[in-house]
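[1] Just a sequence and a predicted model for now, questions to come.
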Amino acid sequence: RSLGSVALRKAEDTEGGLHFNVFTVDFNEELVALYGGSLLRQTHFLHESIKAILRLYKDLKTPPQSVVLVGHSMGGVVARALFTLPRFNTNLVSLIITQASPHLAPVLALDPYLLDFYSAVRQKWVNQAKKLRNVTVLSVGGGYRDYQVRSGLTSLPCPPGDPNKLSLVATAVPRTWVSTDHLSIVWCKELVLATVRALFDLINPETRQFSVSPEKKMAVLSHHFIRHPVRMLEETQEPSVSISDFPESWSEVNTLRLAYSTPKEGQVKYFLFALSSRRKAYSHFYCRSNNLELSSWVYGCVNASSCVQTVDLSSATELLPPYKVLVLSLSNLSSVTHLLVSASNLNGKQFTVECEWQRRASQTLSVPAPHVLSFGLTASDVSVDSSGLLHIIRLQHFHQVYQALRIHVASQCKVHKDRLPNVYRMHVPWFGEDSLTTASVPSVTEISGMLHTSRPDNSSGVFLLLHTAPNCQYKVSVRTSLPRVLGQILRFCGPMVPVYTAVTLLLACRGQLCSILKSRRSADMSQAVGKGLQPHQVNLPVYILHVLLSCSWFQDVWSVLYLPPMDALPSTTPDMTFHEGGVPVEEWPHPLAPLFYIWGAAVAFWGSALLRLIVRLISLILAPLHRPSVSRDCGTLPRRTLLLITLSLAVLGGVSCGALSIFAAFLLHLYRVLRLQMTERSLSHMLNLAPRQHKEAENGSAEGDSQSRSTECNGAPLLSECALQEVRDDLQLHLCLSALFTLPVMLIAPSLIHWVRNLRYSPQLDPDPCWPLSVPLIIVYMLLINCNTLKLSNSKLLPLTSCIPLPMSIAMVTFSPLHLYRVSYFLLAALVPLASCVLL
């Protein structure tokens, strides 16, 4: 809608009767970012939509042969997936513009269909890059305000040096310079204007259709999205100017710096800078003006006497928010004798022109970035005496995404007068993620130094470009920002948190089983979750595996066992790279693993606390609807009923949705937890009302060692402290199991939501990523409904079962960070022996 409305307004103001027809492909807002089963169907639908749109113009004399695709989020991924279809004509699409589209990898890999789809698209565009060179792709990320798709994922995976693929962030787009959230990037006015201007410039005036020339497309996109020179694209060069035309309007500048403000009255004014006397002492010529009109303003004179022959040098102009800037290297101007700067204001508009000769070496400083572990306690400072208009500060050792800096720039001037504002630009050479900050003079400005991608090679580091005011002093202070470091780590490694949450809960379940095995009693859930934080038992074996996989002989053993590659932490470079043998490049320091474990344990602890609170509140609501019970078997199911429900849920999952049957089984187990909570409350109230002598007798009968205590409890009356303890033990055990069961339910939630939203179209989810998991998981859930501490303590499989969670936790950390759907399979592998303890 935004593109269409802006394009219409521009067409109304453009001569020639040219306009665009904008079509929207409606995907019904399906959650394909988390459920990959519909991605291929959406790709086919897009293909049919393109053919239907082009058929609308078949009766024209020169019908269009191709379309331009603009895709938002997963729509951009689907647009690139068109070329994986076997019968797709690649000539139908010549340009793809994507906004906040995760091209590099899915945000969360919750099902295998999503990863298979990404793998197919990646292989197509990488392996057949030469065949697809005529297709130009532009990917724009939203920046740090996009919390759903980090901008590093919007990088296009393509061979290095591909000239027709362009990836950048909205903060680096000229005339935009802002970060957007995931939705507002669609209607961000500045970005919409840049897109519409590019579309109009892509029109071939002869055919009145979009140009098919890859060079023309990249030139237009570079003009509007990378470096916006003030002169319009393909604009004819303005006629040469001569000293003889306006002899009184020419002034030769012999000083090192020019500062000129135009008067209110319109006039013709030119400034002439001789190069002959400056070549040896200076390396660059810098000029800026806050006259943002789209016209040529800097020329090179070939003939020193008359300037009849001039070369337009304005094409190298760079547009900044308050002014335009031109930096010329004198080594590239060997044929030029003079530089000509136009300061004419025939329309009476006032503006300022500032120019100077520069020595780049003397105006470039280096500042070491403080170490991440400095925690912001130390700072790297540098002072700049601004005798120049541009200063470059090289931030040494700043090239990793887990680094985050807090940069303060303080400016102070001795003489207070009107000056052009300062512009501080963070320039990242290896990715289009530059950011600009405008500040007044004097001022104290804070700049956030964070990266969307890590440096892929030994290219130059990050630069801070200071466009400063003359005759002022600047102090730059660089510190590490600990909150932003943690934010960067969480932004990139967020999928690690649910993995370690599952590990913590699984090891908490292991602690419960060990407690039952040792004392025939279950531990308190909060204590069990706290003891689940055991990084030395999980991270150390994983680290040893990483070290062993660097050996060729171990890689051979690994491949012989048909084990999948280890899941490293998410890649941070613009394109994910792998060593031979499928071993991922390790870009994150290993000490971060305990940090992820602590975060996962925190989520597990507070999540389990929230679960206990919810169980207590719901049990209070449901208590009036149930008859008070004092038995530990409340909420259990007879074997026939259990078998019937299990078969019904399995059939339900096959004919409708596997996630639905898993969720139903989870609710049945949750009902068992609620009944235990109600029984525990009833028993506590009854015993509080019992005679004191009766309670003392019961307390005396419960003394002794754990074995005798358990034996006496088996024959104790239902209304006793021993019976209450049994119910509490069962409640703690099932609370731990219920917290563990919650994880698969959360991971399959996108499939369930997708099925519910599309229920009016089809009662069955096809394809269903949960179906292979649903039947065994339902059986385990249903069997564990009848589980209690007595059955487990009497089972011969309990010693073996208590040993399984630890290796499953190690396997989970090894194979699940980039494949979150595997978490459910590892949990199932640990729960199957536990369910067997109920039967044996």
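    Structure received. Numbers count the residues shown, from 1 in each chain.
[2] Helices of the stretch 1-150 of the chain, residue ranges please.
    Listed in chain order, the helices found in the stretch 1-150 of the chain under DSSP state H, counting those that start in this stretch are 2-12, 39-55, 74-81, 112-127.
[3] Where does residue 436 fall, secondary structure wise?
    strand 435-439 (DSSP states H and E).
[4] That strand pairs with which strands, parallel or anti?
    Using DSSP bridges, the strands paired with strand 435-439 are strand 422-427 (antiparallel).
[5] Need the residues that contact the strand holding residue 436.
    Strand 435-439 has contacts (C-beta atoms under 8 Å, 6 or more residues apart in numbering) with 143, 171-172, 177, 320-322, 409, 411, 421-426, 445, 447. Bear in mind the C-beta positions are built from the backbone N, C-alpha and C, glycine included.
[6] Quick check: ChimeraX command selecting the buried ones in these.
    Entered in ChimeraX, the line below selects the buried ones among the contacts of strand 435-439, by 16 or more other C-beta atoms under 10 Å:
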select :143,171,172,177,320,409,411,421,422,423,424,425,426,447
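[7] Could you check how far residue 609 is from residue 666?
    Separation of residue 609 from residue 666 (C-beta to C-beta, to the nearest Å) stands at 19 Å.
[8] more neighbours, those two?
    Counting neighbours by other C-beta atoms under 10 Å for residue 609 and for residue 666 shows that residue 666 has the greater number, 19 against 14.
[9] Okay, buried residues for the helix or strand hosting the more buried one please.
    Following DSSP H and E, the helix or strand that holds residue 666 is helix 658-689. Buried residues in helix 658-689, defined by neighbour count with 16+ other C-beta under 10 Å: 658-666, 668-670, 672-683, 687.
[10] these two touch, right, residue 748 and residue 662?
    Yes. With contact taken as C-beta atoms under 8 Å, residue 748 and residue 662 are classed as touching, separated by 6.0 Å.
[11] After the strand holding residue 436, which helix or strand is next? Please name it.
    strand 443-450.
[12] Can you give the distance of that following strand from its chain's centre?
    What separates the centre of strand 443-450 from the centre of its chain is 23 Å, taken as C-alpha atoms, centre = their mean, to the nearest Å.
[13] when you give positions from now on, start the count at 16
    Got it, first residue is 16 now, which makes that one strand 458-465.
[14] Neighbouring strands of the helix or strand just after that strand in the sheet, and parallel or not?
    Once strand 458-465 ends, the next helix or strand along the chain (criterion: DSSP H and E) is strand 477-482. On the basis of DSSP bridges, the sheet neighbours of strand 477-482 come out as strand 405-411 (antiparallel), strand 437-442 (antiparallel).
[15] Output the ones you listed as TSV; include the columns mean pLDDT and distance to residue 814.
    As requested, the strands paired with strand 477-482 are exported to TSV (pLDDT from 0 to 100; distance: least, C-beta to C-beta, whole Å):
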stretch	mean pLDDT	distance to residue 814
strand 405-411	92	57
strand 437-442	94	59
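[16] so which of these gets nearest residue 215?
    Taking C-beta to C-beta, strand 437-442 is the member of the strands paired with strand 477-482 nearest to residue 215, at 28.2 Å.
[17] Residue 375 is in contact with residue 342, isn't it?
    No. In terms of C-beta under 8 Å, residue 375 does not count as a neighbour of residue 342; the distance is 9.2 Å.
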